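A.B. asks: Please work out how this folds:
(2 chains, ligands or ions: 1)
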Amino acid sequence: MTIAAGSSETQTALGVQQWMGMYRQMLSIRLFEEQVNELYKRALMPGLAHLYSGEEAVAVGICEALRGDDYITSTHRGHGHCLAKGATPDRMFAELLGKEAGYCRGKGGSMHIADPKTGNLGANAIVGGSAGIATGAAFSAKQLKTGQVAVCFFGEGALGQGLFYEVMNLAQLWKLPVIYVCENNLYNEYTHYTETTAGDILARGTAFGLHAESVDGQDVRAVHATAARLVERARRGEGPALLMCKTYRYTGHHVGDISREYYRSKQEEQHWMGERDPIKLFAGWLLEQKHAEKAQLEGIYAEIETQMKKAVEFAVAAPYPGLDQVEQDIYA
Amino acid sequence: MPEAAVRELTFAQAIKEALAEEMRRDPKVCILGEDVAEAGTPFKVLSGLVEEFGTERVIDTPISEAGFTGLAVGAAMTGVRPVVDIMFGDFITLTMDQMVNQAAKVHYMSGGTWKVPMVMRTTLGAARRSAAQHSQSLHAWFSHVPGLKVVLPSTPYDAKGLLKTAIRDENPVVFFEDKMMYKLKGPVPAEEYTIPLGLADVKRVGRDITLVATSSMVQVALGAAKLLEEAGISAEVVDPRTTWPLDEKTIVESVKKTSRAIVMDEGYGRYGVAAEIAAVIAEGAFYQLDGPVKRMGAMHVPIPFSPPLEDATLPTDRTVFEAARALCSRS
Ligand SMILES: Cc1ncc(C[n+]2csc(CCOP(=O)(O)OP(=O)(O)O)c2C)c(N)n1
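C.D. replies: Alright, predicted model coming up:
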């Protein structure tokens, strides 16, 4: 065996490890969300939650291209972003159940998970509300010369918010290292986006001089490759970008949205789940490339399923915050 | 006579000095706003800062109040200490979501893990003949929201000491400056000092009635107190200096002593700061009161342009004097 062949094998091996990590992460998000739905159905979860199932390739592809200390802002549909940036399921479930052990000590809930340790500036329940925060984090990175990058995840519904255009203008003027990632899952709640969104989405970025492109959001390798390019570009000081990921949410707008026929067809859902599932597509590629074997993927599934069940048990058993907490942390 | 002559500065100079000192002390402090750099704001409050600190720290923004306020929230969370400049207090409406739903919520909602150490400087006050969209005093709105702190300086001395504290605070602080006061002169020591947030100042000691007054109304209260003195009535003037945190103790103690109170604030009296402070007095000193607590603020109308109409919307030395005298002659 030549040295050259040896080193290329190492590279492939490293690559495989990374692919498998991404596969695990996507599956973790899917199985996490299945447990969330169970918690809702068993009436163990207060309130509602917006599931990320179907969109896993976006969060995982993007976050895989980020450094640990890079920043993200997330949305009401944010569990996938938080997990992909490194949050652990046990503390996430605890937060969803309003428990002290949660990431926000139970004060944030499903729509507000935040975690400084993983660079997660917080999920936001104001549609488009975090565009300023993400841009500000990029401003800090530039001002303090840290080399960090910020990613602003948002749904296509947020394209209706003016703040978004104000900060894209600022980001381009000041060449801030921020990537605006539009997760276009076709629906703003119960309304198709074409009924709310005039013109061309990417042109909304290019009008300000941003680099803008779109990518198949069901193909994690494509998302990752594109994100890596845009992130490095931003890190080099070449400015912000708008990336539109075409994707689909499998379940309702939130866990309670179970009769959806009035706004989208069963056939449409079945098409995406059957033909365009990001996990199945990626698994198919891993098998085809012989990066993994079927039994191995099944093993991973079982392992993650057990992990999620344990994490749920932890959260269910965890105590609520003491009532003295209600007036704590209003001010720093 | 004091031994050394005390240095006098205008309110605007005191603000600028506070910013310059804090920017020298901490390289992370920066200023963001419309026409803040070379122009030094339309009120010329910041003139000279860009020459010392450069355009990387005194930053002209587009006319995007929501955008640069939101950017400041994120910047504050991640290590910069921004001071945003909102030219007219009327324009805080454009920043509401970023201040109320973002800045004010981040610390609590994240279980105390993220902080937002930012300052918003803006203005309040009528009487500049600028009509209804450039004359409002909307500080009550932010005072209503847990998670924000609200500062209302009334003298150059207070402005400097309070602004320095606001910049060092780990929370979002909104700092309202009366734009009619920028030229007001007063003693400001050259030595370093700060004033804690949440500490009222008794601007004049008196026996018969307490005038609780904020910001622009402090000068009016002091003017009224002089007229009252000539009429044989001794008025105490208490300036809370911050509406949140609010120094309830100093206010209540004063009213317990004088047994009468008028609360003066240039915001709208209804559902406003004056209403809140009147309630604090009613709860804390009801049994010592000899008469009803009176609110005096802007009339409940959009501020009109026409000078005689605009002037009619505001309390004056004379109207406060009349109200106080009526209260004092009742018992
Ligand atoms: C400012 C604001 N307006 C309305 C809502 C109610 N709301 C919550 S989610 C949503 C739709 C968001 O659609 P999109 O941004 O595409 O995200 P998706 O739910 O599809 O992930 C709406 C209207 C809100 N939370 N915030």
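A.B. asks: Phi first, then psi, for the residue of the stretch 1-150 of chain A found nearest chain B.
C.D. replies: As assessed by Cβ to the nearest Cβ, chain B sits closest to A:Gly132 within the stretch 1-150 of chain A, at 1.6 Å. All C-beta atoms are positioned from the backbone trio N, CA, C, and that covers glycine. Taking degrees, to the nearest 10, you get phi -70, psi -40 for the backbone angles of A:Gly132.
A.B. asks: what number of residues lie near it?
C.D. replies: 33 (other Cβ atoms under 10 Å in any protein chain shown).
A.B. asks: how near is whichever residue of the stretch 101-250 of chain B sits closest to the ligand to chain A?
C.D. replies: Nearest to the ligand, among the residues of the stretch 101-250 of chain B, is B:Asn101, at 8.5 Å (Cβ to the nearest ligand atom). Plainly put, B:Asn101 is 5 Å away from chain A if you go by Cβ to the nearest Cβ, to the nearest Å.
A.B. asks: mind checking the SS state of that residue?
C.D. replies: helix (DSSP: H, G, I helix; E, B strand; the rest coil).
A.B. asks: mind listing what it touches?
C.D. replies: Contacts for B:Asn101 were tallied using Cβ atoms under 8 Å, 6 or more residues apart in numbering or on different chains; they are A:126, A:129.
A.B. asks: Could you check how far it is from A:Gly136?
C.D. replies: According to Cβ to Cβ, to the nearest Å, B:Asn101 stands 15 Å off from A:Gly136.
A.B. asks: sorry, back to before: return the per-residue confidence for the residue of the stretch 1-150 of chain A closest to chain B.
C.D. replies: Reported pLDDT at A:Gly132 in the predicted model: 98.
A.B. asks: so what's the nearest residue to it once chain neighbours are set aside up against?
C.D. replies: Excluding the flanking residues, the one nearest A:Gly132 by Cβ to Cβ, 6 or more residues apart in numbering or on different chains is B:Gly70, at 1.6 Å. Contacts for B:Gly70 (Cβ under 8 Å, 6+ apart) come out as A:131-133, A:135-136, A:163, A:166-167, B:98, B:102.
A.B. asks: Check A:Ala234 too.
C.D. replies: Shown in contact with A:Ala234 (Cβ under 8 Å, 6+ apart): A:138, A:149, A:177-179, A:240-241.
A.B. asks: ditto for B:Phe175
C.D. replies: Listed by Cβ under 8 Å, 6+ apart, the contact set of B:Phe175 reads B:119-122, B:151, B:153, B:162-163, B:166.
A.B. asks: how about 6 Å then?
C.D. replies: B:119, B:121, B:151, B:166 (Cβ atoms under 6 Å, 6 or more residues apart in numbering or on different chains).
A.B. asks: Can you tell me the element it falls in?
C.D. replies: strand B:173-178 (DSSP states H and E).
A.B. asks: The following helix or strand past that strand: partners in the sheet, and parallel or antiparallel?
C.D. replies: Next along the chain after strand B:173-178, taking DSSP H and E as the criterion, comes strand B:185-187. Sheet partners assigned to strand B:185-187 using DSSP bridges are listed as strand B:8-10 (antiparallel).
A.B. asks: Give me the buried positions along the strand it pairs with.
C.D. replies: For strand B:8-10, the buried set under the neighbour-count rule, 16 or more other Cβ atoms under 10 Å in any protein chain shown, comprises B:9-10.
A.B. asks: related to what we said a few turns ago, the residue of the stretch 1-150 of chain A closest to chain B is in contact with B:Ala75, isn't it?
C.D. replies: No. Using Cβ atoms under 6 Å, A:Gly132 is not in contact with B:Ala75; the gap is 9.4 Å.
A.B. asks: Residue 92: how many residues sit nearby?
C.D. replies: Reading this off chain A. Neighbour number of A:Met92 under other Cβ under 10 Å is 22.
A.B. asks: meant chain B, my bad for not saying
C.D. replies: In terms of burial, B:Ile92 registers 24 neighbours under the definition other Cβ under 10 Å.
A.B. asks: Quick one: classify it as helix, strand or coil.
C.D. replies: Criterion first, three-state DSSP; result for B:Ile92: helix.
A.B. asks: Where does the record place the domain boundaries for chain B?
C.D. replies: For chain B, the structural domains run B:9-189, B:201-329, going by automatic domain parsing.
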